[in-house]
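A.B. asks: coords please:
(chains A, B, C and D)
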There are 2 protein chains.
Amino acid sequence: MVIIQIADQALVKKMNRKLILDEILKNSPISRATLSEITGLNKSTVSSQVNTLLEKDFIFEIGAGQSRGGRRPVMLVFNKNAGYSIGIDIGVDYLNGILTDLEGNIILEKTSDLSSSSASEVKEILFALIHGFVTHMPESPYGLVGIGICVPGLVDRHQQIIFMPNLNWNIKDLQFLIESEFNVPVFVENEANAGAYGEKVFGMTKNYENIVYISINVGIGTGLVINNELYKGVQGFSGEMGHMTIDFNGPKCSCGNRGCWELYASEKALLASLSKEEKNISRKEIVERANKNDVEMLNALQNFGFYIGIGLTNILNTFDVEAVILRNYIIESHPIVLNTIKNEVSSRVHSHLDNKCELLPSSLGKNAPALGAVSIVIDSFLSVTPIS
Amino acid sequence: MVIIQIADQALVKKMNRKLILDEILKNSPISRATLSEITGLNKSTVSSQVNTLLEKDFIFEIGAGQSRGGRRPVMLVFNKNAGYSIGIDIGVDYLNGILTDLEGNIILEKTSDLSSSSASEVKEILFALIHGFVTHMPESPYGLVGIGICVPGLVDRHQQIIFMPNLNWNIKDLQFLIESEFNVPVFVENEANAGAYGEKVFGMTKNYENIVYISINVGIGTGLVINNELYKGVQGFSGEMGHMTIDFNGPKCSCGNRGCWELYASEKALLASLSKEEKNISRKEIVERANKNDVEMLNALQNFGFYIGIGLTNILNTFDVEAVILRNYIIESHPIVLNTIKNEVSSRVHSHLDNKCELLPSSLGKNAPALGAVSIVIDSFLSVTPIS
DNA sequence: TTAGTTTGTTTATCCAATAAACTAACTTTA
DNA sequence: TAAAGTTAGTTTATTGGATAAACAAACTAA
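C.D. replies: Residues are numbered from 1 along each chain as shown, chains lettered A, B, ... in the order given. Model prediction:
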């Protein structure tokens, strides 16, 4: 039977608590009086809620603020050190882990190379990484509040890993594995979804409610934030836009389709378009050559941007969001690709849709997915933790 | 300043009222005791809510039901005749209006041809249609609760019509125009969005939470229902998937893009693929010929299905919904197109995504958009109407 | 010094949900 | 046919949020 969410006073308290906590996070430091003003809640309601938040160490008072012509207000701030969160981005050939406070500020950061690691070695490295973070974590009332992990593959609604194309290991129930070892809530998410959420919570687009995140690597992954929430689809498989056909007569893709976007607009495609001796060139070298105005490279990058622009136009026609974030080292490092994309998009997209949507390179860079994983953990902690 | 939704007891009552009303709508007739069981609300809470709903004529008692071994329950039903709603679908060359009760049952229905009407004539016909419905509407406690209108064009978040490609008239503020004349709430919506909502509320997919609706006509329009709600995008322009590129080198489209899906998979494209003397053939004739196994026609329809399948694969990769509804007379009338689509989709879509999503022809047919407009009106009436 | 302002708490009240006790109306059992 | 058991729905007292109003505290400005 379907479980229905009934409403009662506990729900009211929980909703208003979230309202107040969100305002404190956004406008810290802030007084009870101002909270009452901007939320519309009664002064006494705010006082009561603030007291419970103080008792539970979620916030604390930092003393008196500036007077506005009367009694000086007591300023409240979010207690970002009430607990800590770990976020881990498991890539095809790397592992990027961060330890953050409850505001997402990075305390520790560690990256490992996985290019020659077996499945059991990956597991060992992962466990060692987390244990290392736990050991070096400062004392706090709540300690480690959870672990968020993202992987480049399909993750279903029960956080089971269903399919990982470019990887030779597959631990289906990663959540259970980690939860058993560390005894804290664990969240497993798709890499692009995590990146999208990271950009929504901590990036340039933190004040937007609807964004599309596009991560361009070996393939193309996409994540959707709709009405401030990750849209994962019914099964959890939403956003496989890398496999959108942009040429129905195009070459066969490993997914079964033809002429998929990522066959033209991924880094793999970019490398394939270069001359033979450059096929194994690194991202850094690509940017360096572009900075030296290497003509062949600039042409290849323009071509790269051209194809990204084609798929992007489809996405803009589909979604009508406030911003699209592009997560790719080359795009973040040299302006030529983004400029080409913008040209291509504005020549293709309908004039009525063009004007409002921002096209931005990722501001969080390679940490976007790990930060997204962290914010899923923090969100859950702040909304789930029971308050008497 | 942003208006924040604070929570209080009024919200609790409103939420639980909706819960109870929804269950009565779904499982009518139903007793107070059963309502308490399936919602999880306390018996006395249900009694109190039911009493207010009775006072306000939203529901009524139809007498005692079957005993389950004790006192016989008093059965409650939704009062579908408490008021009436009007839904109007303004097409490129037609106008389809319906008058319904609060359950969406059609009381009156009227279609007019607009193929040779000027802007002022359209307005006259529209007004006459509504006046006619109002005149023939039965007596009821609430009378006409609102009018929903859908148009084939871009409608922004303030219900202003921004752009209508295939039409020579454009009354930007249609909402104000109708509201001034009839003094009831008026809702203006895009045709595909309305159709999607109609299928979500009254169609085969009424129990699904995430669907994509694709309306194939002169062009292709799409509507999205995500988490039971219409996703309209930030500006209200979401779902222009007809202008998704499926061949980036393809022919120029009027929208500015190249190789748009609707250049290949619309009815316009189907007609263009037929031989010269058949260019002005009607939909009915197309189906008749297909039923007579006319080889040329069957080939054309297979081709039609092929191209629909290509775009549909992109949509399935993007959304991961429970069902996709195809609204098109030919598809609803002859199985060959849908079969071709299904073949094409399953050969193209990734095996992990394929299995769950249903592909269905519209069960509401040409009334889908008008019914969607009606359900927007009814939704608003049931949730907005204040209860003491 | 005094009046006025802003901040935050206390107090009494309201109201929706709830549990428990109750009445009502039926079925089953003996 | 009477008693016991069961289900339906109401009544009553209680809980626990939010709220308005009164209040105390701490400041500014005149």
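
A.B. asks: right, and residue A:363 touches residue A:206 too?
C.D. replies: No. Taking C-beta atoms under 8 Å as the definition, residue A:363 is not a contact partner of residue A:206, at 9.7 Å. C-betas here are computed from N, CA, C, even on glycine.

A.B. asks: element containing residue A:184?
C.D. replies: Assigned by DSSP states H and E, residue A:184 falls within no helix or strand.

A.B. asks: Can you report how many residues neighbour it?
C.D. replies: Per other C-beta atoms under 10 Å in any protein chain shown, the neighbour tally for residue A:184 reads 20.

A.B. asks: Tell me the spacing between it and residue A:85.
C.D. replies: 9 Å (C-beta to C-beta, to the nearest Å).

A.B. asks: Which neighbours do those two have in common?
C.D. replies: Common neighbours of residue A:184 and residue A:85 are listed as A:144, A:145, A:146, A:147 (criterion: C-beta atoms under 8 Å, 6 or more residues apart in numbering or on different chains).

A.B. asks: can you list those in a markdown table and add distance to chain B, secondary structure and pLDDT?
C.D. replies: Listed next are those as a markdown table, based on distance: C-beta to the nearest C-beta, whole Å; DSSP: H, G, I helix; E, B strand; the rest coil; pLDDT from 0 to 100:
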| residue | distance to chain B | secondary structure | pLDDT |
| --- | --- | --- | --- |
| A:144 | 31 | strand | 98 |
| A:145 | 25 | strand | 97 |
| A:146 | 24 | strand | 98 |
| A:147 | 26 | strand | 98 |
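
A.B. asks: residue contacts, the closest residue to residue A:244 other than its chain neighbours?
C.D. replies: Residue nearest to residue A:244 in three dimensions, not counting chain neighbours: residue B:314, with 4.4 Å by C-beta to C-beta, 6 or more residues apart in numbering or on different chains. Shown in contact with residue B:314 (C-beta under 8 Å, 6+ apart): A:244, A:245, A:314, B:241, B:244, B:246.

A.B. asks: residue ranges with poor pLDDT in chain A?
C.D. replies: For chain A, the stretches flagged by pLDDT under 70 are A:1-3, A:166, A:351-355, A:386-388.

A.B. asks: Recalculate using a threshold of 50.
C.D. replies: A:1 (pLDDT under 50).

A.B. asks: start to end distance for stretch A:181-192?
C.D. replies: Using C-alpha to C-alpha, to the nearest Å, one end of stretch A:181-192 lies 26 Å from the other.

A.B. asks: Got phi/psi on the nearest residue to residue A:328 once chain neighbours are set aside?
C.D. replies: Computed as C-beta to C-beta, 6+ apart, the closest residue to residue A:328 that is not its neighbour in sequence is residue A:216, at 4.1 Å. Phi and psi for residue A:216, reported as degrees, to the nearest 10, are phi -110, psi 120.

A.B. asks: what's the burial count for residue A:216?
C.D. replies: Using other C-beta under 10 Å: residue A:216 sits among 25 other residues.

A.B. asks: Report the angle between the host helix or strand of the residue nearest to residue A:244 and helix A:295-319.
C.D. replies: According to DSSP H and E, residue B:314 maps onto helix B:295-319. Put simply, helix B:295-319 runs at 100 degrees to helix A:295-319, going by axes from the mean of the first three to the mean of the last three C-alpha atoms, to 10 degrees.

A.B. asks: Enumerate the residues of chain A near DNA strand D.
C.D. replies: Proximity of chain A to DNA strand D, by C-beta under 7 Å from any atom of the strand, involves residues A:9-10, A:12-13, A:16, A:41-45, A:48-49, A:64, A:67, A:69-72.

A.B. asks: run the last query once more with 10 Å
C.D. replies: A:8-17, A:19-20, A:36, A:39-49, A:52, A:63-64, A:66-74, A:387-388 (C-beta under 10 Å from any atom of the strand).

A.B. asks: Can you classify the residue of chain A found nearest DNA strand C as helix, strand or coil?
C.D. replies: Closest residue of chain A to DNA strand C, C-beta to the nearest atom of the strand: residue A:70 (2.2 Å). Three-state call for residue A:70 (DSSP: H, G, I helix; E, B strand; the rest coil): coil.

A.B. asks: you'd agree residue A:326 is up against residue A:342?
C.D. replies: No. Assessed by C-beta under 8 Å, residue A:326 is found out of contact with residue A:342, at 10.9 Å.

A.B. asks: what's the overlap in contacts for those two?
C.D. replies: residue A:359.

A.B. asks: Compare these two (neighbour count), which wins?
C.D. replies: residue A:326 (20 against 15).

A.B. asks: Helix, strand, or coil at the more buried one?
C.D. replies: strand.

A.B. asks: same check, this time on residue A:87
C.D. replies: Note that with three-state DSSP, the state of residue A:87 is strand.

A.B. asks: now residue A:232
C.D. replies: coil.

A.B. asks: Could you give the number of residues near it?
C.D. replies: Counted with other C-beta under 10 Å, residue A:232 comes out at 19.

A.B. asks: which residues touch the closest residue to it other than its chain neighbours?
C.D. replies: Closest residue to residue A:232 apart from its sequence neighbours, by C-beta to C-beta, 6+ apart: residue A:238 at 5.5 Å. By C-beta under 8 Å, 6+ apart, residue A:238 lies in contact with A:224, A:231, A:232, B:318, B:319, B:320.

A.B. asks: ok, the nearest residue to the fourth one once chain neighbours are set aside to residue A:233 distance?
C.D. replies: When the adjacent residues along the chain are set aside, residue B:318 lies closest to residue A:241, with 5.4 Å between them (C-beta to C-beta, 6+ apart). To residue A:233, residue A:241 is 12 Å away according to C-beta to C-beta.

A.B. asks: More neighbours: which of these two?
C.D. replies: residue A:241 (26 against 23).

A.B. asks: ok, that one to DNA strand D distance?
C.D. replies: As defined by C-beta to the nearest atom of the strand, to the nearest Å, residue A:241 lies at a distance of 41 Å from DNA strand D.

A.B. asks: Compare residue A:363 and residue A:206 (neighbour count), which wins?
C.D. replies: residue A:363 (16 against 12).

A.B. asks: doesn't the more buried one fall inside a helix?
C.D. replies: No. Assessed by three-state DSSP, residue A:363 does not belong to a helix; its assignment is coil.

A.B. asks: What about it? Give its phi and psi, please.
C.D. replies: According to degrees, to the nearest 10, residue A:363 has phi -90, psi -20.

A.B. asks: Now do the contacts for it.
C.D. replies: Neighbours of residue A:363 in contact, by C-beta under 8 Å, 6+ apart: A:199, A:203, A:204.
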